[in-house]
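A.B. asks: Pasted the sequence and its predicted model underneath.
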Amino acid sequence: MNGFKNITVAELEEMLAKGGLRLIDVRTDAEVARGKIPQGESIPLHLIPLRMADLNKATPTVFYCQMGGRSAQAAAFAAGNGLSDAYNLQGGITAWAHAGLPIA
């Protein structure tokens, strides 16, 4: 058990519609500059360990990257450090874009 749940783009859409979650983009600043999911905030993967104190352990948190690999690492790390509701967006922003959803 990795302590986090993989979710689809459709599941993320539902979660965003309900509100009350935090969406974290773990890509590099250069990648984020090319576009991001509008509700997302940037915390590059290498800074996640340093920023764990900034994450509310009770707030559902979805991590995403380009394809889902780095965000799975971030979600596993966060879950291992007490984040009770950690999620990884399968397919990352690539899947989001392929679904025709907005990129900021």
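C.D. replies: Ah, there it is.
A.B. asks: Using the three-state scheme, assign the residue positioned nearest the centre of the chain.
C.D. replies: Among the residues of the chain, the one closest to the centroid is residue 63, at 1.4 Å (Cα atoms, centre = their mean). Three-state assignment for residue 63 (DSSP: H, G, I helix; E, B strand; the rest coil): strand.
A.B. asks: Show me what the top helix by length along the chain is packed up against.
C.D. replies: Longest helix of the chain, by residue count under DSSP state H: helix 69-80. Helices and strands touching helix 69-80, by 3 or more Cβ pairs under 8 Å, 6 or more residues apart in numbering; DSSP states H and E, are helix 48-51, strand 61-64, strand 86-89. Any C-beta I mention is one placed from the backbone N, CA and C, and that applies to glycine too.
A.B. asks: Need these in JSON lines (columns: distance to residue 11 and mean pLDDT).
C.D. replies: Shown next, in JSON lines, are the helices and strands packed on helix 69-80 (distance: least, Cβ to Cβ, whole Å; pLDDT from 0 to 100):
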{"stretch": "helix 48-51", "distance to residue 11": "22", "mean pLDDT": "96"}
{"stretch": "strand 61-64", "distance to residue 11": "9", "mean pLDDT": "98"}
{"stretch": "strand 86-89", "distance to residue 11": "8", "mean pLDDT": "98"}
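A.B. asks: Bridge partners for residue 41, pull those for me.
C.D. replies: With beta bridges defined as DSSP bridges, residue 41 has these partners: residue 24.
A.B. asks: which ones are touching it?
C.D. replies: 22, 23, 24, 25 (Cβ atoms under 8 Å, 6 or more residues apart in numbering).
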